[in-house]
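Asker: Predicted model follows, preceded by the sequence.
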Amino acid sequence: MRLDGKVALITGGGSGMGKVASEMFASEGANVVLTDVNDEAGGSTATAIGERAYYVHADVSKENDAEAMVAAALERFGRLDVLYNNAGIMPLDDGSVTDADGSIWDRVLAVNVKGVMFGCKFGIPAMLESGGGSIINVASFVAWLGAATSQTAYTASKGAVLAMTREIAVEYARKGIRANALCPGPIETPLLLALLSDEAKKQRRFVHIPMGRLGHAEELAKAALFLASDDSSYMTGSSLIVDGGITAAYVTPED
Ligand code: NAD
């Protein structure tokens, strides 16, 4: 098993990719602390996994909650080896910069950027105590490409995650901590499906995906598993793009 003996903390583990990763990491031998703001979703994910999982309510944008989730991991399982900063939001009212509402920016940056920072602030000391570990920060393919279907606060937040991840990786490289950004393409989760409920919006995006389909949460969880495990032991400061070919494409195939 690829995570035997390891303890992983996964934020936003109640839904989408975080949920599937919580299940997969536990099935690969990890003890998993999963956090969410949706207690019903987070709690039922942990219950379904069983004794290898422990649910903690934590809003990643709140410093005290982030401190408490790391403390809970140490108290429950005694160490921290993997920190998967997965929780993120994509409000539907985020749009063009010329229409920007400052309050949306505050909300998005608080969760998507400060949430990652708080996770690292408290997770890194715990990982150093444990002898090192792997940090996975979730960015997005939109950190690499501009879109005319703009969600500027979200895009800016994911660019910040990429830059922050590089700096953390370099700072802690000789202390046994690796940090990599995971950049999903469009993945079929509640977050994206809320946006694509409109057929025209869906088709506008589909044409740019060389593989011609959305990704599955399992396909991302497998990439996260690689970054979490020792299989990626010489990889730090990198971005793993899992996007069905979007960032490689100029012209996509016709059906
Ligand atoms: P999702 O909405 O299915 O799951 C996200 C989970 O995070 C939810 O359970 C939600 O309750 C939780 N959450 C929200 N705010 C939180 C907070 N402040 N504190 C703790 N938990 C919080 O979303 P998903 O699609 O699985 O997204 C996971 C990550 O992947 C996000 O960072 C998202 O931005 C990123 N991402 C998603 C896609 C996609 O197409 N789905 C693409 C690129 C990147």
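Answerer: Done, it's in. The structure presented is a predicted model; accordingly, all values stated were derived computationally and were not measured.
Asker: Please name the nearest non-neighbouring residue to the residue nearest the centre of the chain.
Answerer: Closest to where the C-alpha atoms of the chain average out (Cα atoms, centre = their mean) is residue 86, at 2.4 Å. Leaving aside its sequence neighbours, residue 86 sits nearest to residue 18 (Cβ to Cβ, 6 or more residues apart in numbering; 4.2 Å). All C-beta atoms are positioned from the backbone trio N, CA, C, and that covers glycine.
Asker: Quick check: what element follows the host helix or strand of that neighbour along the chain?
Answerer: Using DSSP states H and E, residue 18 sits in helix 16-27. Sequence-wise, the next helix or strand downstream of helix 16-27 (DSSP H and E) is strand 31-36.
Asker: who's in contact with residue 216?
Answerer: Listed by Cβ atoms under 8 Å, 6 or more residues apart in numbering, the contact partners of residue 216 are 187, 188.
Asker: Torsion angles phi and psi at it?
Answerer: When read as degrees, to the nearest 10, the backbone of residue 216 gives phi -100, psi 150.
Asker: start at 426 instead
Answerer: In the new count, where the first residue is 426, that last one comes out as residue 641.
Asker: The longest helix seen in the chain packs against which elements?
Answerer: Ranked by residue count under DSSP state H, the longest helix found in the chain is helix 577-597. For helix 577-597, the packing partners by 3 or more Cβ pairs under 8 Å, 6 or more residues apart in numbering; DSSP states H and E come out as helix 527-534, helix 540-554, strand 558-563, strand 602-609.
Asker: how about it: buried residues?
Answerer: 577-587, 589-591, 593-594, 597 (16 or more other Cβ atoms under 10 Å).
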